[in-house]
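Novice: no sequence on hand, only this structure:
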DNA sequence: CAGTGGTCTAGACCACCAG
DNA sequence: TGGTGGTCTAGACCACTGC
């Protein structure tokens, strides 16, 4: 079938993807085992393994010991979304980044924040609101709660110079987190700050991060009208 | 340092992540080379390589030949987002899936669709609108354009039984695509169909897919009020 | 139980690129 | 141009799981 030998994992990867795509191997169908493919293509089993493993992670193949490898029936495509620091996101568009702190004060967390982060109602927390600008125009309004216990030195940080977002990235790495996208109607204050009409549809990102099941921060990011988040599939 | 030997790539992965996280290895700092780590941890270089490669893909490490491996300065976290077929998305929540075709007719594509998909204005296209239901309630309104040239047999499909979404997944796999999220105000027709107030903020997903730089379909998916897309970081 | 994928190893060669 | 990561190989043992 193949006149030339495929001796690197990328070409094996591409060849297998081609066979899936051309329906030579149909959804649900079992494909040759690693040893067979290796001998057919003229390479080591480890090479085939590497290629098939990547395809399995990408959702094209289902692999199970003893049962073999099959083409996924309902491929669940995975979108990959890069999440840079806001400043870099804006600068990456070739725009000038601006930032202005609105408020920063210690306060007891509201009930819903406690639930999200898993902290006690009497926890010592920092409540920060700020506005991020692109080319001088409002870009995003940030409303954030930080558990001081998880990042004590933030109490000494000058958040009028560095955004809480960026400070946390530098000083309080998280082990895992959640992100949620939705659409909301602008509140009066949000509308005013972002230069939007009251009740205008705004894009909202909520982000919660933990350090080993220890809540660090919850951020509510409201974007100016027209904001789009793009992703490659 | 480590009393026990780490002989599998996952433990090496975790150990390296631990050192990054505890600031034993600081952002920007160069970490030991593969051979050194391998001998320190008591495993083969390939094992270390596997672990470091995964960490680099995840955005924690920057690796370059000759320059060595460094802890990423501004880690760009990657959100992973699963994109199942709508039916499975709804059933996955334990809800009953419903579907109703609203319209399906051949038509010349509007100008903006031509641009997005890269097809000619006189291309033969199928315009499909439909409503997806969860537990009998409106869940998402789908407005889709399909290039018939890219999937000829869709002309024969009975789209009142199987959604265009699902038909395409089964019969016209794509090689790559784009997805964009945003917030819009409900149009009158959208509001009526989704049971929302006029001008209510709605969540919009636009999805465009290609097969080797050959446009297949553009879909505009408007979700019922309150829709959230969640993702793990 | 036996077959398949998952992984580890030791060694080798190569590609890239910083110095 | 030499050092570092990227990859391939042949062989081995193991873990899971369908039969």
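Specialist: Cool, the structure landed. Being a predicted model, the structure only gives us computed values, none of them experimental. Numbering: from 1, shown residues only, chains lettered A, B, ... in the order given.

Novice: can you give me the helices in chain A?
Specialist: Listed in chain order, the helices of chain A (DSSP state H) span A:9-21, A:34-41, A:45-57, A:86-92, A:111-117, A:164-171, A:188-194.

Novice: for DNA strand D, what are the nearby residues on chain A?
Specialist: When proximity is defined as C-beta under 7 Å from any atom of the strand, chain A approaches DNA strand D at A:7-10, A:42-47, A:50, A:64-67. Where you see a C-beta, it was placed from the backbone N, CA and C, and this is true even at glycine.

Novice: just the buried ones from those residues?
Specialist: A:9, A:43, A:47, A:50 (16 or more other C-beta atoms under 10 Å in any protein chain shown).

Novice: pretty sure the last one sits against residue A:10.
Specialist: No: counting by C-beta atoms under 8 Å, no contact exists between residue A:50 and residue A:10, whose distance comes to 9.1 Å.

Novice: which phi and psi does whichever residue of chain A sits closest to DNA strand D have?
Specialist: Across chain A, no residue is closer to DNA strand D than residue A:8, which sits at 2.6 Å (C-beta to the nearest atom of the strand). Dihedral pair for residue A:8: phi -120, psi 150, per degrees, to the nearest 10.

Novice: so what's the closest residue to it other than its chain neighbours up against?
Specialist: Ranked by C-beta to C-beta, 6 or more residues apart in numbering or on different chains and with sequence neighbours excluded, the top spatial neighbour of residue A:8 is residue A:47, at 7.0 Å. Contacts here follow C-beta atoms under 8 Å, 6 or more residues apart in numbering or on different chains; on that basis residue A:47 touches A:7-9, A:12, A:38.

Novice: and those residues, which is closest to chain B?
Specialist: Distance to chain B, by C-beta to the nearest C-beta, is smallest for residue A:9 among the contacts of residue A:47, at 12.1 Å.

Novice: got a list of what the closest one touches?
Specialist: Taking C-beta under 8 Å, 6+ apart, one finds A:47-48, A:50-51, A:54 in contact with residue A:9.

Novice: let's go with 6 Å and repeat that
Specialist: Going by C-beta atoms under 6 Å, 6 or more residues apart in numbering or on different chains, residue A:9 touches A:47, A:50-51.

Novice: a markdown table please, covering these and showing pLDDT.
Specialist: Shown next, in a markdown table, are the contacts of residue A:9 (pLDDT from 0 to 100):
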| residue | pLDDT |
| --- | --- |
| A:47 | 96 |
| A:50 | 97 |
| A:51 | 97 |
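
Novice: Throw the residues you listed into TSV and include distance to residue A:151, thanks.
Specialist: What follows is the contacts of residue A:9, written out as TSV (distance: C-beta to C-beta, whole Å):
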residue	distance to residue A:151
A:47	45
A:50	39
A:51	42
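
Novice: ranges for the strands of chain A?
Specialist: Remark: strands assigned in chain A by DSSP state E are A:30-31, A:61-64, A:68-71, A:77-83, A:97-107, A:125-134, A:137-147, A:176-185, A:201-210, A:215-223, A:228-232.

Novice: closest to residue B:171 out of those strands?
Specialist: strand A:68-71 (14.2 Å; C-beta to C-beta).

Novice: buried set for that closest one?
Specialist: Buried-residue list, strand A:68-71, by 16+ other C-beta under 10 Å: A:69-71.

Novice: same question for stretch A:197-207.
Specialist: Buried residues in stretch A:197-207 (16+ other C-beta under 10 Å): A:199-207.
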